[in-house]
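S.K.: Provided below are the primary sequence and the corresponding predicted coordinates.
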Amino acid sequence: MSAPNDTPTRSILTPSTLNRLVRDLLGDVFPFVWIEGELSNVAKPASGHLYFTLKDSGAQVRCAMFKPKSASLRFRPVDGMQVLLHAKVGLYEPRGEFQLVAESMEPAGEGALQREFEQLKARLDAEGLFAQARKRPLPRYAKRIGVITSATGAAVRDVLSVLSRRWPLADVEVLPVPVQGREAPPAIVKMLNKASASGRYDVLLLTRGGGSLEDLWAFNDEAVARAIHTSAVPVVSAVGHEIDFSIADFVADLRAPTPSAAAELLVPDAVATIRHLQQLQQRLLTLQQRKLQAHSQRVDHLFARLQAQRPQARLARDRERLIHLQRRLTGVLREQSQQRETRLERLHNRLLAQHPRTRLPLLARRLAEQDQRLRRAIALTLERKQTSIRHTGRALHAVSPLATLDRGYAILFDETGRVLRSVTATKQDERLTARLADGELRVRVSED
């Protein structure tokens, strides 16, 4: 019998499988890392990708930054530059090489400062040092201005030039301090506190020219920010160029993009102010002329009223008024007299029209006319009545019993004169009257 095979089953990998497993393992353990080092072997082929080595004194690692991440860099990476990478740990499978795939890159020193800047900014903002409600307005016409800056820098020359040109009346004092280096923040804080406590200045300008983030770092100091916050007078901050922002800019009562712009904001334009004053002077002169004219007119009016109240003037007015009233009275009397004459003439004509000599012939004519009309009416009425009577008589005669008598009939009456209508209404020997057409007969009832 052969001996049993105790050899364990072996798991055999290919290089591709091994590299893929290592890549996945690295990706799971180190998804993203921050790493700082020195650039070397920087290469950027036509593809737009960036390839380089990141090293320190003891080791190095191959790195790649693919497009479009590499195209968004705000600086040009060169050999020897110290940078800070945010990268993913990986493995280049075709060659089995350990590498970093960079997502972002920034200069190492500036990046650290920028993070410190953002942290301080967030903390001071949370405390309310940047609140818009606490910012004070600048004086419109500042008499004394304190400029806290370097006495030898270009910024102070620009500021003094603009201030002298725009507003020569302002008393400008340069309060020299270092604006760069470790000694700058305490010197700036000391000068801010001293100027604020002196009560000499209407406004303070904290300024310097442009530079790198390290050059401007004194104005991102927390002590400087709190000194600006506690200043008893308004503070204007103008640090660096227009694109530069510092903590001092956020705390100050006003931020100017440049030192020259700050000077223009601090004081008015003398030429424009003079022009405005001239306009105000012209308006004042116009108002004075209007007031003088109004007062003159009022004086003339009062003088005329005073003249009108003199006895001579009043007598003259009363005399004119009396003449006017006399004329009106004469006119009224004349008009009333004419009205009375007209009315008397109208009444006289009416009276003449009612005189008997005038009325009698008229009434006689009217009486004759009425008599004729009455006679004609009576005759016409009599004629109509006669005609009506004749018609009525003929109608009555047609229905009269007497017309029957003409045809040979008779009407019997009893002794009381009642017409007999039946033989039963008679009795023997009763005397009756018979009416004939030409007279009456006496008859006696006899037995038949």
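M.R.: Nice, thanks for sending it over.
S.K.: OK, contacts around the nearest residue to K121 once chain neighbours are set aside?
M.R.: Excluding the flanking residues, the one nearest K121 by C-beta to C-beta, 6 or more residues apart in numbering is I247, at 6.1 Å. From N, CA and C alone the C-beta is placed, and that goes for glycine too. With contact taken as C-beta atoms under 8 Å, 6 or more residues apart in numbering, I247 is in contact with 117, 120-121, 124, 219-222, 224-225.
S.K.: Select only the buried ones of those residues in PyMOL?
M.R.: Selection of buried members from the contacts of I247 for PyMOL, criterion 16 or more other C-beta atoms under 10 Å:
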select buried, resi 117+121+124+219+220+221+224+225
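S.K.: got the contacts of I247 as a markdown table, with distance to R136 and pLDDT columns?
M.R.: Listed next are the contacts of I247 as a markdown table, based on distance: C-beta to C-beta, whole Å; pLDDT from 0 to 100:
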| residue | distance to R136 | pLDDT |
| --- | --- | --- |
| F117 | 25 | 86 |
| L120 | 23 | 91 |
| K121 | 21 | 92 |
| L124 | 18 | 95 |
| F219 | 20 | 95 |
| N220 | 22 | 93 |
| D221 | 22 | 94 |
| E222 | 21 | 94 |
| V224 | 18 | 96 |
| A225 | 16 | 96 |
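S.K.: need the contacts of I247 in CSV with secondary structure and distance to H397, can you?
M.R.: Output for these, formatted as CSV (DSSP: H, G, I helix; E, B strand; the rest coil; distance: C-beta to C-beta, whole Å):
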residue, secondary structure, distance to H397
F117, helix, 155
L120, helix, 155
K121, helix, 151
L124, helix, 151
F219, helix, 157
N220, helix, 157
D221, coil, 161
E222, helix, 158
V224, helix, 158
A225, helix, 154
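S.K.: before we move on, could you check phi and psi at the spatially closest residue to A154 that is not a sequence neighbour?
M.R.: Nearest residue to A154, sequence neighbours excluded (C-beta to C-beta, 6+ apart): G209, at 5.2 Å. Dihedral pair for G209: phi -80, psi -170, per degrees, to the nearest 10.
S.K.: Near G209, how many other residues are there?
M.R.: 21 (other C-beta atoms under 10 Å).
S.K.: Pretty sure it sits against G153.
M.R.: Yes - judged on C-beta atoms under 8 Å, G209 makes contact with G153 at a distance of 5.6 Å.
S.K.: Wasn't T207 part of a strand?
M.R.: Yes - counting by DSSP: H, G, I helix; E, B strand; the rest coil, T207 is part of a strand.
S.K.: distance of it from L216?
M.R.: Distance, T207 to L216, using C-beta to C-beta, to the nearest Å: 11 Å.
S.K.: same deal with M191?
M.R.: 17 Å.
S.K.: follow-up on the earlier one: closest one to E242 out of the contacts of I247, please.
M.R.: F219 (15.2 Å; C-beta to C-beta).
S.K.: if I pick the closest one, what's in contact with it?
M.R.: 179, 188, 206, 208, 237, 239, 246-249.
S.K.: try it again with 10 Å
M.R.: Going by C-beta atoms under 10 Å, 6 or more residues apart in numbering, F219 touches 179-180, 184-185, 188, 206-208, 225, 228, 237, 239-240, 244-249, 251-252.
S.K.: cool, and K67?
M.R.: Applying C-beta under 10 Å, 6+ apart, the residues near K67 are 44, 47-50.
S.K.: returning to that earlier point: who has more neighbours, T207 and L216?
M.R.: Between T207 and L216, counting by other C-beta under 10 Å, T207 is the more crowded of the two (28 against 24).
S.K.: where's the more buried one relative to S260, distance?
M.R.: T207 sits 10 Å away from S260, taking C-beta to C-beta as the criterion.
S.K.: ok but R314 is inside a strand, no?
M.R.: No - under three-state DSSP, R314 sits outside any strand and is assigned helix.
S.K.: Quick check: closest non-adjacent residue to it.
M.R.: With C-beta to C-beta, 6+ apart, the residue lying closest to R314 is A308, at 7.9 Å.
S.K.: helix, strand or coil for V179?
M.R.: coil.
S.K.: Would you list the phi and psi of it?
M.R.: Backbone phi and psi, for V179 under degrees, to the nearest 10, turn out to be phi -120, psi 10.
S.K.: got it, and the one 10 residues further on?
M.R.: Dihedral pair for V189: phi -60, psi -50, per degrees, to the nearest 10.
S.K.: Identify the residue spatially nearest to it, adjacent ones excluded.
M.R.: A227 (4.5 Å).
S.K.: if I read this right, that neighbour contacts L206, doesn't it?
M.R.: Yes - using C-beta atoms under 10 Å, A227 is in contact with L206, at 9.5 Å.
S.K.: more neighbours, those two?
M.R.: Neighbours per residue, other C-beta under 10 Å: of A227 and L206, the larger number sits with L206, 31 against 24.
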